[in-house]
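Undergrad: Based on what follows, work out the 3D shape:
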Amino acid sequence: MDHSTDSLSVADIALVAAPEGPQKPSLPSPQAVSAPIVPGVHAAQSTGTGMLSSNSNVPKELLRSVIKIFCIKTEPNYSMPWQMKRQASSTGSGFVISGHRIITNAHCVAYQSSVRVRKHGSPDKFIARVVAVGHSCDLAILEVDDDSFWTDLNPLSFGDIPHLQESITTVGYPTGGDNICVTKGVVSRVEETYYSHGCSRLLAIQVDAAINPGNSGGPALMDGRVVGVCFETLTNAENVGYIIPVPVINHFLEQITRPVEKRGFCDFGIQVQHMESEGLRRAMGLTKAQSGLLVNRIAPLAGASKVLKKDDVICAINGIPVGNDGTIPFRDGERVSFRFELLKKFVGDTINMTILRNGKQSDVEIELSTYPYLVPVQQHDILPSYYIFAGFVFQVLTQPYLSNEWGKDWKKKAPIKMVDHHMYHLKERADQELIVVSQILVSDINVGYSGCAPALLSHVNGEPVHNLKHLVQLVEEATSAIEPDGADEASAEAVANSFMRLQLEDSRLVVLNTQEAVASNKEILMQQNIPF
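TA: Predicted structure coming up:
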């Protein structure tokens, strides 16, 4: 698992009114979707301790509430954003909770076109609807309109975070068979972990139970209560699986009852540095009794930008002392990331911090929001936006685009400027997007520019490009200016000599005859069979 970065990351939660729909983690099925973005985490492939019979330790009424999910999904094609990839099928697991709802993993139903569910011991499948999705925490809620489905189904209740070495039982429908499967394991670790589907860092529980493709979304049980949702494993390791703990589940269930702008896992919006160096602590004015985290950078759009300054030291959060390694006391001598306190907060809430600035300690309150990514890290259930002009295909730069074009090693293979923006730059205005020339559809109008893609676009006719919508506006303004005011020769000559200048971020320049570029659009789209 990747635990190297200290910058905070979250993603929004979206409600969806009708089926729409993985990256994977414990991939739903063998046909599952694209590989995870971060090396080391992916579809569950670990093997665990002993396998149990379907009625061992788990009452039959609990098994009946574990549901098998059948999903047909169609992912977008980032290489040709006007098309979708080939339709694929997958299976996953889920379980019944209060309110006639089924909870499962978001990666089981991402980009779904059709979702059907089947009860344990039943041959019948029922149509289900995705009503809420939280991709950052890899959770989703399904509903079934057919009342007969809910007959003899009892909602499972939630427990608490299990302690180390306590036994848990995972239930689901992994590959290798069609019937329900029950496996036993032990809690190995509780800490903040990278969620590969949502590209976020949240609390997770490490277990040694078998979590295989198809187990995704199934419950982890202890004493008849749900203590987590199975979701992924660690690659190149044996007996290392992960479950989503109850605090994360409860946070998700609360979020989806709130207004859209209040959904998502909130964030401090800062990048911090550990203060394990004695020299660093002394330079920042910390006494031997003090500890904390050094603020390196603050997102311009975050609430923290109004309160914190670079080189502030965060000594405590909500009155809880923060260690020099960025952890706070948890229980029984355990420690967890200081971001654990965020699980008690929602977007728009405030959190108290004790900071040290220039040797003086003070208490401040920070308003929390979702993290303002410059390059979006996940775009599940969102089709890529694009614009085509004179054969130049413009797209919004996102992490899914990078991983689709350059694979799981995109950080090494993608153009350095794109990786730099993703890794080190922050959004400075709410509507800011980076626009990439992803490819150039060959035509006489763009001869000589085939080497200009992929590249980031910076200006159009000297105007900085803020986002894709702004790009379209700038192009339309330039093309509308070529309409002649009259039939005189001077006007016609001015139109014929009108040019559009596209400035790329690497300093290369593209110049197009505006009138010829407009005339070429329809022909290029027809040649490539692109809808217009």
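Undergrad: Residue 317 touches residue 345, doesn't it?
TA: No - between residue 317 and residue 345 there is no contact under Cβ atoms under 8 Å: 10.4 Å. In this view, the C-beta of every residue, glycine as well, is placed from N, C-alpha and C.
Undergrad: any residues in contact with both of those two?
TA: Taking Cβ atoms under 8 Å, 6 or more residues apart in numbering as the criterion, residue 317 and residue 345 both touch residue 351.
Undergrad: neighbour-wise, which of those two wins?
TA: Neighbour totals were compared for residue 317 and residue 345, and residue 317 leads with 22 against 16 (other Cβ atoms under 10 Å).
Undergrad: what bridges to that one?
TA: Counting by DSSP bridges, residue 317 is bridged to residue 320, residue 353.
Undergrad: Going forward, count from 826.
TA: Let's use 826 as the start, then, which means that last one is residue 1142.
Undergrad: Quick check: residue 1182 vs residue 1166, distance?
TA: 21 Å (Cβ to Cβ, to the nearest Å).
Undergrad: before we move on, what about residue 1292?
TA: Per Cβ to Cβ, residue 1292 is found 34 Å from residue 1166.
Undergrad: do residue 1057 as well
TA: For residue 1057, the distance to residue 1166 - Cβ to Cβ - is 24 Å.
Undergrad: neighbour-wise, which of these two wins?
TA: Per other Cβ under 10 Å, whichever of residue 1057 and residue 1166 has more neighbours is residue 1057, with 35 against 18.
Undergrad: The more buried one contacts residue 1066, doesn't it?
TA: Yes - if you go by Cβ under 8 Å, residue 1057 and residue 1066 touch, sitting 7.4 Å apart.
Undergrad: quick one: the strands in the stretch 1176-1325 of the chain?
TA: Taking DSSP state E, counting those that start in this stretch as the test, the strands found in the stretch 1176-1325 of the chain are 1185-1192, 1211-1214, 1217-1221, 1260-1265, 1280-1285, 1288-1289, 1324-1329.
Undergrad: now those as TSV including distance to residue 1074 and mean pLDDT?
TA: Shown next, in TSV, are the strands of the stretch 1176-1325 of the chain (distance: least, Cβ to Cβ, whole Å; pLDDT from 0 to 100):
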stretch	distance to residue 1074	mean pLDDT
strand 1185-1192	25	96
strand 1211-1214	36	97
strand 1217-1221	31	98
strand 1260-1265	36	97
strand 1280-1285	39	97
strand 1288-1289	43	96
strand 1324-1329	45	96
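Undergrad: where's residue 1219 relative to residue 910, distance?
TA: Taken as Cβ to Cβ, the span from residue 1219 to residue 910 is 21 Å.
Undergrad: Looking at the two, which is more packed in?
TA: residue 1219 (23 against 17).
Undergrad: from memory that one sits against residue 1265, does it?
TA: No - the pair residue 1219 and residue 1265 does not pass the contact test of Cβ under 8 Å, sitting 10.6 Å apart.
Undergrad: In stretch 1156-1175, which residues are buried?
TA: 1161-1168, 1170-1172 (16 or more other Cβ atoms under 10 Å).
Undergrad: Go through those and flag which are in strands.
TA: 1161-1162 (DSSP state E).
Undergrad: Max pairwise distance over the buried residues of stretch 1156-1175: which two?
TA: Largest separation among the buried residues of stretch 1156-1175 by Cβ to Cβ: 1161 and 1172, giving 21.4 Å.
Undergrad: partners of the host helix or strand of residue 993 in the sheet?
TA: Here residue 993, judged by DSSP states H and E, is contained in strand 992-997. In the sheet, strand 992-997 lines up against strand 1006-1020 (antiparallel), strand 1044-1047 (antiparallel) (DSSP bridges).
Undergrad: what's next to the last one, contact-wise?
TA: The reference is to strand 1044-1047. The contact list for strand 1044-1047 (Cβ under 8 Å, 6+ apart) reads 883, 887, 891, 920, 981, 984, 987, 991-997, 1030, 1032, 1034, 1051-1055, 1068.
Undergrad: Now the buried members of those.
TA: By neighbour count, with 16+ other Cβ under 10 Å, the contacts of strand 1044-1047 hold 883, 887, 891, 920, 981, 984, 987, 992-997, 1030, 1032, 1034, 1051-1055, 1068 as buried.
Undergrad: Please, which helix or strand holds the nearest residue to residue 1025 once chain neighbours are set aside?
TA: Leaving aside its chain neighbours, residue 1025 sits nearest to residue 961 (4.4 Å; criterion: Cβ to Cβ, 6 or more residues apart in numbering). Assigned by DSSP H and E, residue 961 belongs to neither a helix nor a strand.
Undergrad: Can you report how many residues neighbour residue 961?
TA: There are 30 residues near residue 961, going by other Cβ under 10 Å.
Undergrad: Please look at it and residue 1201 and confirm they touch.
TA: No - using Cβ under 8 Å, residue 961 makes no contact with residue 1201, being 11.6 Å away.
Undergrad: Which neighbours do the two have in common?
TA: By Cβ under 8 Å, 6+ apart, no residue touches both residue 961 and residue 1201.
Undergrad: that older thread, now do the strand holding residue 993: distance to the chain's middle.
TA: 26 Å (Cα atoms, centre = their mean, to the nearest Å).
Undergrad: which regions of the stretch 1226-1357 of the chain lie under the pLDDT threshold?
TA: Applying pLDDT under 70 to the stretch 1226-1357 of the chain flags the ranges 1308-1322.
Undergrad: oh, I was asking about the chain
TA: Residues of the chain that meet the cut-off, pLDDT under 70, sit at 826-882, 1308-1322.
Undergrad: re the thing from before, what's the most buried one of the strands paired with strand 992-997?
TA: Mean neighbour counts were compared across the strands paired with strand 992-997 using mean count of other Cβ atoms under 10 Å; the top stretch is strand 1044-1047, at a mean of 26.
Undergrad: Spatially, which residue comes closest to residue 1072, not counting chain neighbours?
TA: Per Cβ to Cβ, 6+ apart, closest to residue 1072 is residue 1168, 4.8 Å.
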